[in-house]
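Predicted model and sequence below, questions to follow.
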Amino acid sequence: MPSTTPTGVDKVLSLETIYYSAPIPRNLAVLTILGAVFDKVYFPGVYLPKAGFDQGELDKEIDRIKGYNFQDADTAVLVATLSFVKYAKVLDGFCEFYRRSDNPFSERDIPASALEDLYVAIHGEGAPGWQPILATGHVKSMPGSEECVMYPGAYHHLLNAVIESGERDVPLINDVPGSIPIPGYEAATPHNDAGAISAILAIECAKLALPEMPILHPEELMEFRADNVDALRNFRRSMLQ
């Protein structure tokens, strides 16, 4: 049986990242490659309950929201987040959804000027005098329980991830770099950032070293990680070394 007890060396040689692109993995393909490459992936500012709610009632609520056929981005993220709740417990220890603040609408104070600069970097300059309204955060109660989901607004999430990356000294991963730039990062080559270089190498080497993998559901992914714990540990260590 493979060893699953982490040692002090494991904690030092742990390949971790902060997911920048969204408050949850954008799809199962992304989740699969994250699970194969990284020991742990952080989702700062996000709260997903692992218990204390009725999954059947939640499924009904998801169907109710879908029934309105709204096409806006906020509704799409809400439905995706609610749909992902059932995996939060399964992925515990790999995907870390956590908040530093109990304030449901604000994880940390982010300067308005930084938000505006990020908005312009993504969308370009607006009309003179026009200012976008950027939601600080989102909260959705869970039907039939006292639980809820909480996650930052789109632009607050991006900047919160950048700040968290600096505080944890853990690199960001951005799987849609052409559409969602990382402020102050993509213009420079991370030649002095060992964490970022390790993450880049790991992803590129995974494409070469790993056999062609199917898209795995969360339960299958966690089984894959458990069955291949020693091989994956050695792979990640080699990237860091």
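Structure received.

now the strands for this structure?
Using DSSP state E, the strands of the chain run over 16-19, 40-44, 95-98, 137-141, 148-152, 172-173.

Can you show me the CA trace of the fifth one as CSV?
Below are the C-alpha coordinates for strand 148-152, written out as CSV (Å, rounded to 0.1, in the frame of the first residue of the first chain):
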residue,chain,number,x,y,z
CYS,A,148,-24.7,29.1,2.4
VAL,A,149,-22.1,29.5,-0.3
MET,A,150,-19.9,32.6,-0.4
TYR,A,151,-17.4,33.8,-3.0
PRO,A,152,-15.9,37.1,-4.1
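
count of neighbours near the nearest residue to Gln55 once chain neighbours are set aside?
Computed as CB to CB, 6 or more residues apart in numbering, the closest residue to Gln55 that is not its neighbour in sequence is Lys86, at 5.9 Å. For glycine as for every other residue, the C-beta is placed from the backbone atoms N, C-alpha and C. For Lys86, the tally of surrounding residues (other CB atoms under 10 Å) stands at 15.

hey, where'd the helices end up in the chain?
8-12, 28-37, 55-67, 73-84, 112-123, 154-168, 194-209, 218-227, 229-240 (DSSP state H).

Output the ones you listed as a markdown table; include the columns mean pLDDT, distance to Val139 and mean neighbour count.
Shown next, in a markdown table, are the helices of the chain (pLDDT from 0 to 100; distance: least, CB to CB, whole Å; neighbours: other CB atoms under 10 Å):
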| stretch | mean pLDDT | distance to Val139 | mean neighbour count |
| --- | --- | --- | --- |
| helix 8-12 | 46 | 33 | 10 |
| helix 28-37 | 89 | 24 | 20 |
| helix 55-67 | 97 | 14 | 13 |
| helix 73-84 | 96 | 10 | 16 |
| helix 112-123 | 88 | 19 | 14 |
| helix 154-168 | 92 | 13 | 20 |
| helix 194-209 | 54 | 31 | 16 |
| helix 218-227 | 96 | 24 | 16 |
| helix 229-240 | 81 | 35 | 16 |
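
Relative to Gly45, which of those is closest?
Within those, the stretch nearest Gly45 is helix 154-168; the backing value is 4.9 Å (CB to CB).

ok, and what's touching the closest one?
Residues outside helix 154-168 that contact it (CB atoms under 8 Å, 6 or more residues apart in numbering) are 16, 18-20, 22-23, 42, 44-45, 73, 77, 106-108, 110, 114-115, 118-119, 134-137, 151-152, 170-172, 180, 182-185.

Likewise for stretch 55-71?
Defining contact as CB under 8 Å, 6+ apart, one finds that stretch 55-71 is touched by Thr75, Leu78, Val79, Leu82, Ser83, Val85, Lys86, Met142, Pro143, Gly144, Ser145.
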